[in-house]
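Participant: Fold the following.
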Amino acid sequence: MGAKNNVTEFVLFGLFESREMQHACFAVFFLFHVLTVLGNLLVIITINASKTLKSPMYFFLNHLSFADVCYPSATIPKMIADTFVEHKIISFNGCMTQLFSAHFFGGTEIFLLTAMAYDRYVAICRPLHYTAIMDHQKCGLLAGASWLAGFLHSILQTLLTVQLPFCGPNEIDNFFCDVHPLLKLACADTYMVGLIVVANSGMISLVSFFILLISYVIILLKLRNQSSEGRRKALSTCGSHIITVLLVLMPPMFMYIRPSTTLAADKLIILFNIVMPPLLNPLIYTLRNNEAKNAMRKLFSIKKSLGEK
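Facilitator: I've put the predicted structure just below:
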């Protein structure tokens, strides 16, 4: 980074050039971010306070909700603050921290969804052995492995980028520091680095997608032999998971399974990926789940009775 790097800060273009659109962005994304944080914190509090939500599914959902608080928090507060300033500046170190954080929590989210798919597969395809297979130790290992894999994915992205020489233009046509726009600014041949990025980010999304697809095909085939009530309950749970998987995995597959280029639609697609799944996950996993809704009602009734006393 030292002598060959003349860039100490980057200029972010943001989402829109129009001041009116930027002010509209502030209102919309401030509301979205507050709802995302509150919604996921509510899920975390409910799971930890409830005596009934102790199954592996809620253990993983607890981790997913924490990742869903952190993932947008790596980029959205800075984007919201930037709507008030004309020159959106981020330091070199701040840029690399943002890059690391976004990929760490985003990657962890993908791995946690894969662990949750494995949990659903065991619950439906091997119900008699479920409690033996998905014990506390196995759940802890799967969650720990998800966080470790997210860290390794992110640290590789960051180390590849931080060692590149930046000596010329420092303007990023995006609302945060992502790997493709940074490779475009580097004063070096980034072809090999671009290929590693595709292998790292793109293949993680693609492989996870195919693992999840295969697991759900097996689950659906298995469900044919179950009662209509068992099928309905299993499909309800799996339906929530499939919606989340599509929301989380489709944008990264579009973004990273291609050569290191930037397209006009990129920042809107990655914005959708950062904002929508963390915002919708609490709704998807609780509004479609009577067990979680009952636990929330109980939590609020206890707080209400304590308040009255």
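Participant: Could you look up the SS state of Leu61?
Facilitator: Recorded secondary structure, Leu61: helix (DSSP: H, G, I helix; E, B strand; the rest coil).
Participant: can you tell me the helix or strand for the closest residue to it other than its chain neighbours?
Facilitator: In this structure, Leu61 finds its nearest non-sequential neighbour in Tyr285, 5.8 Å apart by C-beta to C-beta, 6 or more residues apart in numbering. Bear in mind the C-beta positions are built from the backbone N, C-alpha and C, glycine included. Using DSSP states H and E, Tyr285 maps to helix 266-287.
Participant: Which neighbouring elements make contact with that helix?
Facilitator: helix 19-49, helix 56-73, helix 92-125, helix 228-256, helix 290-308 (3 or more C-beta pairs under 8 Å, 6 or more residues apart in numbering; DSSP states H and E).
Participant: just so I know, which of the ones you listed lies nearest Leu185?
Facilitator: helix 92-125 (10.4 Å; C-beta to C-beta).
Participant: picking that back up, what's the pLDDT at the residue nearest to Leu61?
Facilitator: If you check Tyr285, the pLDDT there is 80.
Participant: What distance do you get for it to Ser208?
Facilitator: The gap separating Tyr285 from Ser208 is 19 Å, by C-beta to C-beta, to the nearest Å.
Participant: now swap in Phe300 and tell me
Facilitator: Taking C-beta to C-beta, one finds Phe300 at 36 Å from Ser208.
Participant: And Leu185, by the same measure?
Facilitator: From Leu185 to Ser208 the distance is 29 Å (C-beta to C-beta).
Participant: Ok, Leu268 next?
Facilitator: 23 Å.
Participant: Nearest residue to the middle of this structure?
Facilitator: The centroid of the chain falls nearest to Gly106 when counting by C-alpha atoms, centre = their mean (3.7 Å).
Participant: end to end, how far does stretch 187-205 reach?
Facilitator: 29 Å (C-alpha to C-alpha, to the nearest Å).
Participant: Offset the numbering so it begins at 572, please.
Facilitator: In the new count, where the first residue is 572, that last one comes out as stretch 758-776.
Participant: Distance from it to the middle of the chain?
Facilitator: Its chain's C-alpha centre and that of stretch 758-776 lie 20 Å apart, by C-alpha atoms, centre = their mean, to the nearest Å.
Participant: In that stretch, which residues are buried?
Facilitator: Neighbour counts over stretch 758-776 (16 or more other C-beta atoms under 10 Å) mark 761, 764-765, 768-769, 771-773, 775-776 as buried.
Participant: follow-up on the earlier one: show me the contacts for the residue nearest to the centre of the chain.
Facilitator: Residues in contact with Gly677 (C-beta atoms under 8 Å, 6 or more residues apart in numbering) are 642, 721, 823, 844-845.
Participant: now swap in Gly585 and tell me
Facilitator: Applying C-beta under 8 Å, 6+ apart, the residues contacting Gly585 are 593, 596, 650, 653-654, 659, 746.
Participant: Pro823 now?
Facilitator: Contacts of Pro823 (C-beta under 8 Å, 6+ apart): 677, 681, 772-773, 775-776, 844.
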